[in-house]
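*Asks:* this is a predicted model, with the sequence first.
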Amino acid sequence: MSNWRRVDEIITYYGKGVTPKYVDNSSIIVLNQKCVRNNKIDYSFAQFIDDSKVYNEDKILKIGDILINSTGQGTAGRVAMVEYIPVGFRLIVDSHILVLRTNNFFESKCLNYSLFSIESTLQTFMDGSTGQGEFDKIRLFNVNVGYPKDNTIQQKIAKVLSDLDAKIELNSKINAELEAMAKTLYEYWFVQFDFPDTNGKPYKSSGGEMVWNEELKREIPEGWKVKELSKLTDVSNDSLNPMLDPTKEFRHYSIPTFDSTKNYGIEKGKDIRSNKFKVTESDILVSKLNPWFKRVIYPENKSDLICSTEFVVWRTSSSESKNYLFMIANDPSFTTYCTISATGTSNSHKRVNPTVMMRYRIAHNKDVANFYGKKIDSILKTLLVKQKENQELASLRDWLLPMLMNGQVTMGDVEEQLGMVEESGNEYKRN
């Protein structure tokens, strides 16, 4: 049976890191606050520390150690666990990270998941009102978490949650590769103009004729036209008032939900306080708010889709056109244009006027654009499937975590829930 236990009843060691003297290279890697993010350790931000000094053995990290950022507004309270240590190196943290140690790896794994599930709460455990003070370790030690004492149960829970995380990480890697493929192809075809010519050879590299364009201040392929976005896609302002249908569930693309999940949230009409734009499968949603954050949405083929009026709704004419325009919306040049064009009195809330947004100009050829859109269709569809699957897996993991820890669900329940996620086409919902 699981019991509620305080953090200080679970850990066997608590300590802080060292004040480092950085060097170019050594056998000791030092982790800093930037390394702790999304419940993972990002070694790309790590540095090296002088290894000529003798450090207390407790300062040297072990696999299973839990790290918690202890200073800095927005970073304090972030949690990660040491899953591995690079071969041939020792690992240490700087003085802005706390280290928790337990009896064994699986106990650490369970505690890591429990703390990560309340990471937003941990981020409030700061002395002082500015968030720049020191993390309050006493409040941390007194946090109660549902925790199984039996090591066999700990192992089973750790494996289930780790398997979910591994699947999420694999999907994320696949998506990163798919995005890179689509972007590279876009760069070749529409920036370098090495799209396939009539012989299947790269146009510009094979000597295709280029002409100077005064509007764009660059050479473009002969026969191509300069088009504003407004000539390539319509903008829809078709709206509705969700409160007129208070019990209906809408799939609502809002800025906060998209920022946290990269997808929509399911909300009842009575909980949505203002008019929203209707969204169809042919649309692309491009945020006009703080455009440098590049919020671009490729909606699913679902009913009852709506979005915040902070989005500009591009209503495209075909799937090929939608795919092509989606890549334009993700092009750094377009983001830069919108960022420069954004206005507002607050630095944190600037908007680009939709009319100004749609004046963005590009070199365009309809046949090449449609061919490109068709070519990347399977890439984008796969990317969206993996993205949706990750959302469902993360939601399932976060729901299962406290229930597993408290013994409210059995491993049989878990297997049933995992099966639900695997079923193709099902939209996962928790009761």
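*Replies:* Ah, there it is.
*Asks:* quick one, helices of this structure?
*Replies:* Per DSSP state H, the chain carries helices over the ranges 7-10, 105-117, 119-122, 137-141, 151-186, 255-261, 319-329, 332-341, 354-357, 366-375, 377-405, 411-422.
*Asks:* for the longest one, which positions count as buried?
*Replies:* Same thing as helix 151-186. 153-158, 160-161, 164-165, 167-168, 171, 175, 178, 182, 185-186 (16 or more other Cβ atoms under 10 Å). No exception for glycine: its C-beta is placed from N, CA and C like everyone else's.
*Asks:* now for that helix, which elements pack on it?
*Replies:* On a contact count with 3 or more Cβ pairs under 8 Å, 6 or more residues apart in numbering; DSSP states H and E, helix 151-186 meets helix 105-117, helix 319-329, helix 366-375, helix 377-405, helix 411-422.
*Asks:* rerun at 7 Å
*Replies:* Where contact means 3 or more Cβ pairs under 7 Å, 6 or more residues apart in numbering; DSSP states H and E, helix 151-186 is packed against helix 105-117, helix 377-405.
*Asks:* what about the stretch 101-250 of the chain, any weak spots by pLDDT?
*Replies:* Scanning the stretch 101-250 of the chain for pLDDT under 70 picks out 128-133.
*Asks:* check contacts around the nearest residue to residue 310 once chain neighbours are set aside.
*Replies:* Nearest residue to residue 310 in three dimensions, chain neighbours excluded: residue 289, at 4.6 Å (Cβ to Cβ, 6 or more residues apart in numbering). Residue 289 makes contacts with 255, 310, 349, 351, as judged by Cβ atoms under 7 Å, 6 or more residues apart in numbering.
*Asks:* where's the dip in pLDDT among the residues you listed?
*Replies:* Ranked by pLDDT, the contacts of residue 289 bottom out at residue 349 (86).
*Asks:* can you turn the buried part of the contacts of residue 289 into a PyMOL selection?
*Replies:* Of these, the buried ones go into a single PyMOL selection, burial set by 16+ other Cβ under 10 Å:
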select buried, resi 255+310+351
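*Asks:* nearest to residue 381, of the contacts of residue 289?
*Replies:* Nearest to residue 381, judged by Cβ to Cβ, of those is residue 255 at 25.0 Å.
*Asks:* so the closest one touches residue 310, yeah?
*Replies:* Yes. Because the distance of 5.5 Å satisfies Cβ atoms under 7 Å, residue 255 is recorded as touching residue 310.
*Asks:* anything in contact with each of those two?
*Replies:* What both residue 255 and residue 310 touch, as defined by Cβ under 7 Å, 6+ apart, is the set 287, 289.
*Asks:* most tightly surrounded among the helices and strands packed on helix 151-186?
*Replies:* The highest average neighbour count among the helices and strands packed on helix 151-186, using mean count of other Cβ atoms under 10 Å, belongs to helix 105-117 at a mean of 22.
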